[in-house]
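# Need the 3D shape of this:
(one chain, ligands or ions: 3)
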Amino acid sequence: MTDIVVGNSDKLKPAVEEALKSAPTQHQRLLDWVREVAALTEPETIHWVDGSQEEWDRLTSELVDAGTFVRLNEDEFPNSFAAFSDPEDVARVEERTFICSSTREGAGPTNNWVDPEEMKATLTEKYRGCMRGRTLYVIPFVMGHLGAKDPKFGVELTDSAYVVCSMRIMATIGQDVLRTMEEKDAFFVEALHSVGAPLDEGQDDVAWPCNPDKYIVQFPEDRAIWSFGSGYGGNALLGKKCYALRIASAIAHDEGWLAEHMLILKVTDPQGETHYISAAFPSACGKTNFAMIEPTIEGWKAEMVGDDISWITFDDEGKPRVINPEAGLFGVAPGTGWTTNPNAMRGVAKGNTIFTNVALTDNGGVWWEGMTDEVPEHLIDWKGQDWTPDSGRPAAHPNSRFCTPIEQCDIVAPEYSDPDGVPLSAIVFGGRRKTTVPLVSESFDWNHGVFQGATLSSETTAAAKGQVGVVRRDPMAMLPFIGYNAGDYLQHWVDIAKKYGEENMPKIFYVNWFRRTPDGGFAWPGFGENSRVVKWIVERLQGTAGGKETPVGIVPNVEDLDLTGLDADPKDTEAALAVNVDEWKEELPGIDEWFEKLGDHVPAEVKEQRDALGARLDG
Ligand SMILES: Nc1nc2c(ncn2[C@@H]2O[C@H](COP(=O)(O)OP(=O)(O)OP(=O)(O)O)[C@@H](O)[C@H]2O)c(=O)[nH]1
Ligand SMILES: O=C([O-])CC(=O)C(=O)O
Ligand SMILES: [Mn+2]
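Ligands and ions are numbered 1, 2, ... in the order given. Modelled structure (predicted):
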């Protein structure tokens, strides 16, 4: 962190000096950086995270003593804990998230930007003394496989033990990572995090320390992350959105690959043929559920490779391969239940899980809306208040989460841990739209698919602070996660096909599980029934399924979908599939406005697709 105005080394506490002397590494850049951060932030001591079970046991016990964690009933939820955040620290904060490229244009029109020198100066003052009374934890981590050809290392420095425990679930961390990093003298992403709540002499701590002034800052050229003020999920577990999406997308742009907000699903058809599909849906729009789908159709099998992030690379022949760089699931709790997502429930029930902002049951378990059909008579809600079904408010926060190791899920595909990843057959885009967008369509070609992704729209959810239910454009479900200019990002998508050959590119599809009927209900039952759509997608790849050409892509006729045993009104299915030219014409001004906002970096190839759509709608 060469640019930081260094702190005062005289302020290093004896325990900090000691920890620096006995550091379990010779990696000089790491040692220098830790010393520099310690001098600035003035922690009481430093702990080098080794990732061991003993360390987890000790930290979780300390978190219980501190009131941050409630240990759950061991019979139902072994080795599991519930945490409750400050009510103002419950989700990602997009308006406080910055891409500090060297120029404003580098960050583009969709990101908040501040000059990097100015931001570093501001944050240096925020960080000064911010870890007083706390421990500075050093978490060496790798996103993806430690045995990969070019492992993507990071080190998170944090003053939050909650973050350490969560990172142990979400990424590969600790001693082995540190040793490999050292052996390779490897580059690592510097990821600095503080909750921004120093403790003065004698001051009591609170259960969820944080700071009302939050900064989630990426420096894409430096490949560095500075996060301040929040302890929550995507703001604080820096390997996830900050690294594996924002920083990684910038790296991927330079290196010729894709870092995307996509689950990875493995599907095996009744003949035993396997396909891997990545799907990009915005936050809280169904990725985790789709990744864990239980097919309702005979003979089809689904397994999960990933539920949130895809790194797509291209092999020597230009064929796409995909890995999930994460080791855990950070899933939305509400709506995840024994009927909608039994695979998630079984995984979580094995224990070793951290729940955040769910409700507590009277026997030391957890509950959230949609977990069971039966609603408990009494709970302690996520704010610590007594709750009954007539309380008139949700018991769990709408963005409450479970954080659980992916390998605990029964349906994780064994090749999940293959450092070379799996071959990618199809990419699916999807959003949450009450109207207009059909249940599924296939794009005409790569650039048409890129256009569909570029104009993807979705109603906002509780996963980010702000108004819920507003339609916004969310390119490739990456709006809050593109680490550079969004127009350049779209150009990168166009260029990838030119570079590796359109014939090698995965086929692109666009889905919408959330269309409504006039009476307000969902037109399509969703969840496990989405396997019928998966079947159509796979059969399109195999060239066996029918479909009709519409202005927005190839859409199945009702009879092209396998609806055997589906408990739904055929009229609703028809409505889910409908392409209404007038509705689509109403989309065009929004698309034009969107491209105007993106400015002159929007690729000509994508603009041409807008005109072609207009012509097809008129035709
Ligand atoms: N109606 C309907 N709702 C769904 C479907 N799939 C998921 N949902 C609901 O959408 C919400 C979010 O689902 P998730 O699978 O957790 O979304 P996600 O994309 O993984 O969210 P993040 O982890 O925030 O990125 C939950 O309340 C689900 O119950 C579906 O097929 N139909
Ligand atoms: O990042 C988070 O806090 C949770 C998450 O997965 C998302 O919002 O997409
Ligand atoms: Mn998810």
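
# nearest spatial neighbour of V189, skipping sequence neighbours?
G154 (4.1 Å; C-beta to C-beta, 6 or more residues apart in numbering). In short, each C-beta sits where N, CA and C put it, glycine included.

# Can I get the host helix or strand of the one you found in PDB, CA atoms only?
Counting by DSSP states H and E, the element that carries G154 is strand 152-158. Output of strand 152-158 as PDB, limited to C-alpha atoms (Å, rounded to 0.1, in the frame of the first residue of the first chain):
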ATOM      1  CA  LYS A 152      -5.800 -15.800  -7.300                       C
ATOM      2  CA  PHE A 153      -4.500 -14.800  -3.900                       C
ATOM      3  CA  GLY A 154      -5.700 -12.100  -1.500                       C
ATOM      4  CA  VAL A 155      -5.000 -11.100   2.100                       C
ATOM      5  CA  GLU A 156      -7.800  -9.500   4.100                       C
ATOM      6  CA  LEU A 157      -6.800  -7.400   7.100                       C
ATOM      7  CA  THR A 158      -9.800  -7.000   9.300                       C
END
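
# Partner strands of it and their direction?
strand 135-143 (antiparallel), strand 188-194 (parallel) (DSSP bridges).

# For burial, what's the neighbour tally of the residue nearest to V189?
28 (other C-beta atoms under 10 Å).

# thought it was touching G144?
No: using C-beta atoms under 8 Å, G154 is not in contact with G144, being 10.8 Å away.

# now the strand holding G154: how far from the chain's centre is it?
Centroid separation for strand 152-158 versus its chain: 17 Å, with C-alpha atoms, centre = their mean, to the nearest Å.

# Could you pull up the mean pLDDT of it?
Averaged across strand 152-158, the pLDDT comes to 98.

# okay, now the spatially closest residue to A38 that is not a sequence neighbour: neighbour count?
Excluding the flanking residues, the one nearest A38 by C-beta to C-beta, 6+ apart is V16, at 5.2 Å. If you count neighbours by other C-beta under 10 Å, V16 ends up with 22.

# And for E36?
16.

# who does the helix or strand encompassing it touch, helix- and strand-wise?
Assigned by DSSP H and E, E36 belongs to helix 28-41. Judged by 3 or more C-beta pairs under 8 Å, 6 or more residues apart in numbering; DSSP states H and E, the packing partners of helix 28-41 are helix 14-21, helix 116-127, strand 135-143, strand 152-158, strand 188-194.

# Name the next helix or strand downstream of the longest helix along the chain, please.
Longest helix of the chain, by residue count under DSSP state H: helix 581-598. On the C-terminal side of helix 581-598, the closest following helix or strand by DSSP H and E is helix 604-618.

# how big is the angle separating that next one from helix 581-598?
Relative orientation of helix 604-618 and helix 581-598, computed by axes from the mean of the first three to the mean of the last three C-alpha atoms, to 10 degrees: 160 degrees.

# for ligand 2, what are the nearby residues on the stretch 301-450 of the chain?
Applying C-beta under 6 Å from any ligand atom, we find that the stretch 301-450 of the chain lies next to ligand 2 at D308, F330.

# for the stretch 1-150 of the chain, same thing?
R92.

# Right, and ligand 2 sits closest to which residue of the stretch 1-150 of the chain?
The minimum distance from the stretch 1-150 of the chain to ligand 2, using C-beta to the nearest ligand atom, falls at R92 (4.8 Å).

# For the closest residue in space to that residue that isn't next to it in sequence, give me its contacts.
Excluding its sequence neighbours, the residue lying closest to R92 (C-beta to C-beta, 6+ apart) is G234, at 4.3 Å. Applying C-beta atoms under 8 Å, 6 or more residues apart in numbering, one finds that G234 lies in contact with R92, K240, K241, C242.
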